[in-house]
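Visitor: heads up, no residue letters with this:
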């Protein structure tokens with residue numbers, strides 16, 4: 001009797017736990033792309049739908065804290081935002097997050113970041 005109870009409990013547990021990864025999964029409408037950098041840094045961009053707009057998330061990682069980067073965000077070749085960011089602990093990276101309007105048709109998003117030593121990172125994706 002105890003083994004039957006354990007089997008039933010295990011089946012119930014699997015039925016409850018199995019759907020959790022699906023619930024925690026990434027949004028299938030997200031668009032992700034790796035960027036390219038002229039030095040040893042890495043970059044990536046993620047575009048996500050958010051209340052009728054597009055959330056743009058860009059990250060550049062160089063594994064060094066306190067380094068200043070200039071960045072520019074363009075949609076279909078036209079700059080729509082720019083600024084500076086400084087890499088921070090613990091990873092020596094910086095992130096840029098912006099909500100932009102979702103224009104009709106495809107939105108080709110490009111983010112370019114550069115630092116004083118001449119290194120440039122660029123990431124592109126279309127939403």
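Guide: Happy to help now that I have it. Since we're looking at a predicted model, the values are computed, not measured.

Visitor: what about the strands in the protein?
Guide: Counting by DSSP state E, one finds strands in the chain at the ranges 31-34, 36-37, 42-50, 53-61, 68-75, 78-86, 93-101, 108-115, 120-126.

Visitor: could you find the closest non-adjacent residue to residue 43?
Guide: Distance criterion Cβ to Cβ, 6 or more residues apart in numbering; nearest residue to residue 43, sequence neighbours excluded, is residue 35 at 3.1 Å. Where you see a C-beta, it was placed from the backbone N, CA and C, and this is true even at glycine.

Visitor: pull the number of nearby residues for that neighbour.
Guide: Residue 35 has 22 neighbours, counted by other Cβ atoms under 10 Å.

Visitor: then residue 98?
Guide: Neighbours of residue 98 (other Cβ under 10 Å): 16.

Visitor: would you mind measuring from the closest residue to it other than its chain neighbours to residue 34?
Guide: Spatial nearest neighbour of residue 98, chain neighbours left out: residue 56 (4.9 Å); criterion: Cβ to Cβ, 6+ apart. Distance from residue 56 to residue 34, counting by Cβ to Cβ, to the nearest Å: 15 Å.
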